[in-house]
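Chemist: Provided below are the primary sequence and the corresponding predicted coordinates.
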Amino acid sequence: MYRNFRFDVISVADRARCGILKTSRGEIRTPAFVFCGTKASVKAVTPQQLKEVNTQIILSNTYHLFSYPGAEHIKMLGGLHKFMGWDKPMFTDSGGFQIFSLGYGSVANEIKGKRSGIPKLIKVDERGAVFKSYWDGNTQLLTPEKSIKIQRDLGADFIVSFDECTPYRIEKKRTEESMERSHRWEKRSLDAFEQFNDYSQALYGIVQGGIYADLRKRSAEFVSDNPFFASAIGGTLGATKEQMYEVIEMAMNGLNISRPIHLLGIGGIVDIFKGVALGIDTFDCVHPTRIARHGGALVKSQYRDGSSREHINLKKSTYKNDDSPIELDCNCLTCRSFSRAYLHYLLKANELLALQAITIHNIKFMNALMEEIRSGITQNNLKTISEKWC
RNA sequence: GGAGGGGUGGCCGAGCGGUCAAUGGCAGCAGACUGUAAAUCUGCCGACGAGAGUCUACGAAAGUUCAAAUCUUUCCCCCUCCA
């Protein structure tokens, strides 16, 4: 069923593991970070630049590309890889997360109880989810079958079952009902997938169950018991970091560890170390690229400005006269060429180059981090590595 | 020389007797962002004070009024049109 895909664990340190995820478009060394290029573009950078900083894999989104320009359009133009000029492995997400993000807003706002913007999620029922297109306001129904069809048309290597991503602020009963529905949707995703499987894609199942140990375990077992190529942990991961690590552990308890395991939507440095230690193989997150566009440059602990954050904000006037690069020991194009002072100026002057330059650094940063994590697992010194990065 | 229109907080610009330390916008400062609706959002932004509050403010000066950024007079400066 997945004969063109393979996952081999090559090194293990406690529960952390190093592996190779093989696809017909190349191998991915894990643990790996997947960069979000939601609308068929990793914002502000070119595929060439992504490769220059050792990017292995990126992710696009069903909902967005379905709204515009349409999956069939992209299929007609040769598929998503060709369309966006990326020939390495790629993911597409199913649109399930948009049931949350378009219904509730950002993760932070939802946890803090703040709602923002006009809801673009109209309703969710057994068939699927009815959205308002972000592009033209049309209502559109996304079902598991449709999500798989779209993802098939887009042609990413790894595709994801359609699920309902639940928010944090709902009670257990609703989380359970939603989880059960996600399971039914995932079954339907699998059926739709198997019906047209041409071995060019591998399907992920998603673990739901909110913050409840028994639900997470049940959901993980559901995913493991079904013929998905790999597993992903989704849904709310709780309100605090501590809770997040607990939730990951709950899910891990029921997962088949011979398959690759992806943690959806997580990209903090500490979070990645914690995730890796629990056995996560891949992560995806908008954070590195999004904060870059807001002037946030990821830095190792020695380069921080004293705050507990994992990045420095180059918009701050502190950096106006700072002639050093973002990180002295970084060899990305940005750190080789530009000072913090120049980046500060570019941000203040509203020059697009700032967004690109910082994005390049952050991508390089994440890729270098993952590389060191991999060697940390192989050489069994993950703890030392983590002290340097956290 | 004649006619008219203006001068408001770092900048632009509302307000045209009290509810004005003064709407907005920009800039500035701080914060947020975790399967990207948003290169976005939130807060602060005269001085002193933790705060209640106090003081100084709407070109300058003098007035009218219980009360003036708002009304009157004079002065200074800017812009437009006609000579």
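Modeler: Nice, I can see it. What you see is a predicted model, and the numbers here were worked out from it, not measured in a lab.

Chemist: list the contacts of residue A:34.
Modeler: A:57-59, A:91, A:262, A:282-284 (C-beta atoms under 8 Å, 6 or more residues apart in numbering). The C-beta positions use only the backbone N, C-alpha and C, and glycine is treated the same way.

Chemist: is the longest helix seen in chain A positioned near RNA strand B?
Modeler: The longest helix of chain A (DSSP state H) is helix A:352-378. Yes: using C-beta under 7 Å from any atom of the strand, helix A:352-378 reaches RNA strand B at A:352, A:355.

Chemist: in that helix, which residues are buried?
Modeler: Using 16 or more other C-beta atoms under 10 Å as the test for burial, helix A:352-378 gives A:354-370, A:372-374, A:376-377.

Chemist: who in the stretch 151-300 of chain A is up against RNA strand B?
Modeler: Counting by C-beta under 7 Å from any atom of the strand, the positions of the stretch 151-300 of chain A adjacent to RNA strand B are A:160, A:163, A:165, A:206, A:232, A:234-235, A:241, A:264-268, A:271, A:284-287, A:289-291, A:293-294, A:296.

Chemist: okay, and the residue lying farthest from the centre of chain A sits in which element?
Modeler: If you look at how far each residue of chain A sits from its centre, by C-alpha atoms, centre = their mean, the farthest one is residue A:321, at 35.1 Å. Under DSSP states H and E, no helix or strand contains residue A:321.

Chemist: residues contacting it?
Modeler: Counting by C-beta under 8 Å, 6+ apart, residue A:321 touches residue A:341.

Chemist: try it again at 10 Å.
Modeler: Counting by C-beta atoms under 10 Å, 6 or more residues apart in numbering, residue A:321 makes contact with A:339-341, A:344.

Chemist: which ones among the residues you listed map onto helices?
Modeler: If you go by DSSP H, the contacts of residue A:321 have A:340-341, A:344 in helices.

Chemist: would you mind writing the ChimeraX command to select the buried ones in those residues?
Modeler: To isolate in ChimeraX the members of the ones in helices among the contacts of residue A:321 that are buried, counting by 16+ other C-beta under 10 Å, one can use:
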select /A:340,344
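
Chemist: out of the ones in helices among the contacts of residue A:321, which comes closest to RNA strand B?
Modeler: Of all the ones in helices among the contacts of residue A:321, residue A:344 has the smallest distance to RNA strand B: 9.0 Å, by C-beta to the nearest atom of the strand.

Chemist: any of the residues of the stretch 151-300 of chain A next to RNA strand B buried? List them.
Modeler: A:160, A:163, A:165, A:206, A:232, A:234-235, A:264-268, A:271, A:284-285, A:287, A:289, A:291, A:293, A:296.

Chemist: of the residues you listed, which belong to strands?
Modeler: Judged by DSSP state E, these include A:160, A:206, A:232, A:284-285, A:296 as members of strands.

Chemist: on that earlier part again, quick one: the residue farthest from the centre of chain A from RNA strand B, how far?
Modeler: According to C-beta to the nearest atom of the strand, to the nearest Å, residue A:321 and RNA strand B sit 12 Å apart.

Chemist: again with residue A:172
Modeler: Residue A:172 sits 17 Å away from RNA strand B, going by C-beta to the nearest atom of the strand.

Chemist: neighbours of that residue, how many?
Modeler: For residue A:172, the neighbour count with other C-beta atoms under 10 Å is 13.

Chemist: just give the closest residue to it, not the sequence neighbours.
Modeler: Nearest residue to residue A:172 in three dimensions, chain neighbours excluded: residue A:212, at 5.6 Å (C-beta to C-beta, 6 or more residues apart in numbering).

Chemist: let me see the contact set for the closest residue to residue A:227 other than its chain neighbours.
Modeler: Leaving aside its sequence neighbours, residue A:227 sits nearest to residue A:1 (C-beta to C-beta, 6+ apart; 6.2 Å). Applying C-beta under 10 Å, 6+ apart to residue A:1 gives the contacts A:193-194, A:197, A:199, A:202-203, A:227-229.

Chemist: how far out from the middle of the chain is stretch A:68-76?
Modeler: Computed by C-alpha atoms, centre = their mean, to the nearest Å, the chain-centroid distance of stretch A:68-76 equals 23 Å.

Chemist: for that stretch, buried residues please.
Modeler: Within stretch A:68-76, the residues that qualify as buried are A:71, A:74-75, counting by 16+ other C-beta under 10 Å.

Chemist: what's the pLDDT at the residue nearest the centre of chain A?
Modeler: With distances taken as C-alpha atoms, centre = their mean, residue A:284 lies nearest the centre of chain A, 2.0 Å away. Note on residue A:284: pLDDT of 97.

Chemist: residue A:115 too?
Modeler: 66.

Chemist: swap in residue A:204?
Modeler: Per-residue pLDDT puts residue A:204 at 97.

Chemist: ok, residue A:168 next?
Modeler: Confidence score, pLDDT, at residue A:168: 88.

Chemist: got the contact list for whichever residue of the stretch 201-350 of chain A sits closest to RNA strand B?
Modeler: Nearest to RNA strand B in the stretch 201-350 of chain A, going by C-beta to the nearest atom of the strand, is residue A:265, at a distance of 2.4 Å. Applying C-beta under 10 Å, 6+ apart, we find residue A:265 in contact with A:36, A:93, A:97, A:100-101, A:107, A:165, A:232-237, A:283-287.
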